[in-house]
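Q: Got a predicted model here, sequence first, then my questions.
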Amino acid sequence: MSKQLRILVPVKRVIDYAIKPRINKAGTGVEKAGVKFSMNPFDDIAVEEAVRIKEKHKNLVEKIHAVSIGPAKAQDILRTALAKGADTCTLVDAKEAELEPLAVAKILKKVVEKQNANLVILGKQSIDDDCNNTGQMLAGLLKWPQATNAAKVVIDEANLRATVTREIDGGEETISAPLPMVITTDLRLNSPRYATLPNLMKAKKKPMEKLTLSDFSDVDTAPRLEVVKVEEPPARSAGIKVASVDELIAKLKDAKAI
Ligand code: AMP
C-alpha cells in the first residue's frame, strides 16, 4: 500500500499549565513577561496521537507535519514536536500579533493545502484563550468532516476512514467518517511521551520551514473581536472549622445545602 496519510498537527505556544496566570496591569489579558511558556497540553496529546498512528500504520503514514503560528519563540515547541516524532514543521512568525481563531483557521487551511494533509489533529482548546473554536472553524473552511473531543481514534487503513470515540456529557459517542478529516483531542485520548535529550538533539536536524504573516497576505487576519476587560475570579471567602459532625449537619441545613 502506498503511503497515503499526511497528518498536520497545529501546536500553540501558551503559558505553561502549571503556572497561575495573572491579569496584566491594563486589564486586557494575562501578564506574559517573565513567565514560562510550553506547548498547549491538548496539542501535546495531538502530537502523541499522530505519532502513535504513524507507529501503528507504518506503511500508511507518509509524514507528520507540525505547525505553529506565534512569536519566533514558538520554535521551541516545534522542536519538542519534532523530538516526539513529527517529521517536519512550519513556523508562521506572527511577531506579537494575537490572532483570533478564525484567522488561525484560515492560515491553517493554507498550510493544509500546501502540505497536502488529509488528517488534521488539533487540541480541542488552547488553555490561554479557552476558545475551543479553531478545529471547528478549520473543518468548516475545508468543508471536511470533524470529530471533536476525541477519546479514541481508530484508523481503517483499507478504507481510509477514521472512527472516533468522543467525550460527551454523561457518556461517549462513536462516529466514523472518510478522510480527509479534522479531529480535536480531549484529555483522555492518551498520555504524551516525554521528549528525550537525544531526540531533542536529533530534532535540531529535522526541517523547519519559516514563514511570516506576509506569506499569507491574501488571508484576512483582521480581528473581529475587542477584548473589553479581563478579570480575576472573585477571591473565595475563608472557610470555617466545625467541632463535630452534628454541627456540620446543622450548618449545612442552615445553608439549605441538605
Ligand atoms: P482554540 O480554538 O484557540 O481554543 O484552539 C484550539 C486548537 O487550535 C489548539 O489546541 C491548537 O491545536 C490550534 N491552535 C490555536 N491557535 C493556534 C496557533 N496560533 N498556532 C497553531 N495552532 C493553534
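A: Received it, and whenever you're ready, just let me know what you need.
Q: neighbours around Leu5, how many?
A: Neighbourhood size, Leu5 [other Cβ atoms under 10 Å]: 23. (Glycine included, C-beta is placed from N, CA and C.)
Q: Could you check how far it is from the ligand?
A: Distance, Leu5 to the ligand, by Cβ to the nearest ligand atom, to the nearest Å: 19 Å.
Q: again, but for Arg224
A: Arg224 is 14 Å from the ligand, by Cβ to the nearest ligand atom.
Q: And Gly85, by the same measure?
A: 16 Å.
Q: Over to Glu49?
A: Taking Cβ to the nearest ligand atom, one finds Glu49 at 12 Å from the ligand.
Q: now stretch 227-236: how far from the chain's centre is it?
A: Mean-position distance between stretch 227-236 and its chain equals 24 Å (Cα atoms, centre = their mean, to the nearest Å).
Q: How about residues contacting it?
A: 23, 27-30 (Cβ atoms under 8 Å, 6 or more residues apart in numbering).
Q: so who does the residue of the stretch 101-250 of the chain found nearest the ligand touch?
A: For the stretch 101-250 of the chain, the residue closest to the ligand is Gly123, as judged by Cβ to the nearest ligand atom, at 2.3 Å. With contacts defined as Cβ under 8 Å, 6+ apart, Gly123 is in contact with 11-12, 40-43, 45-46, 135, 184-185.
Q: partner residues bridging it?
A: As for beta bridges, Gly123 partners with Thr185 under DSSP bridges.
Q: likewise Met181?
A: Here Met181, judged by DSSP bridges, has bridge partners Leu119.
Q: From what I see, it and Lys143 are in contact.
A: No: the pair Met181 and Lys143 does not pass the contact test of Cβ atoms under 8 Å, sitting 11.4 Å apart.
Q: Who has more neighbours out of the two?
A: Between Met181 and Lys143, Met181 has the larger neighbour count (other Cβ under 10 Å), namely 22 against 7.
Q: Please list all residues in contact with the more buried one.
A: 118-120, 144-147, 162 are the contacts of Met181 under Cβ under 8 Å, 6+ apart.
Q: let's see it at 6 Å
A: Listed by Cβ atoms under 6 Å, 6 or more residues apart in numbering, the contact set of Met181 reads 119, 144-145, 162.
Q: Please apply the same query to Leu119.
A: 7, 179, 181.
Q: The second one: neighbouring residues, count only.
A: Leu179 sits with 19 neighbouring residues when counted by other Cβ under 10 Å.
Q: quick one: contacts of whichever strand or helix holds Lys114?
A: Using DSSP states H and E, Lys114 falls within helix 101-115. When contacts are defined by Cβ under 6 Å, 6+ apart, helix 101-115 is touched by residues 8, 10, 65, 67, 69, 131, 133-134, 137-138, 141-142, 216, 219, 221.
Q: Please spell out which residues along that helix are buried.
A: Using 16 or more other Cβ atoms under 10 Å as the test for burial, helix 101-115 gives 101-112, 115.
Q: pLDDT on it, on average?
A: The predicted model assigns helix 101-115 a mean pLDDT of 98.
Q: these two touch, right, Asp44 and Arg193?
A: No: applying Cβ atoms under 6 Å as the test, Asp44 and Arg193 come out as separate, 9.3 Å apart.
Q: if you count what's nearby, which of these two comes out ahead?
A: Each of Asp44 and Arg193 has its neighbours counted (other Cβ under 10 Å); Asp44 has more, 25 against 15.
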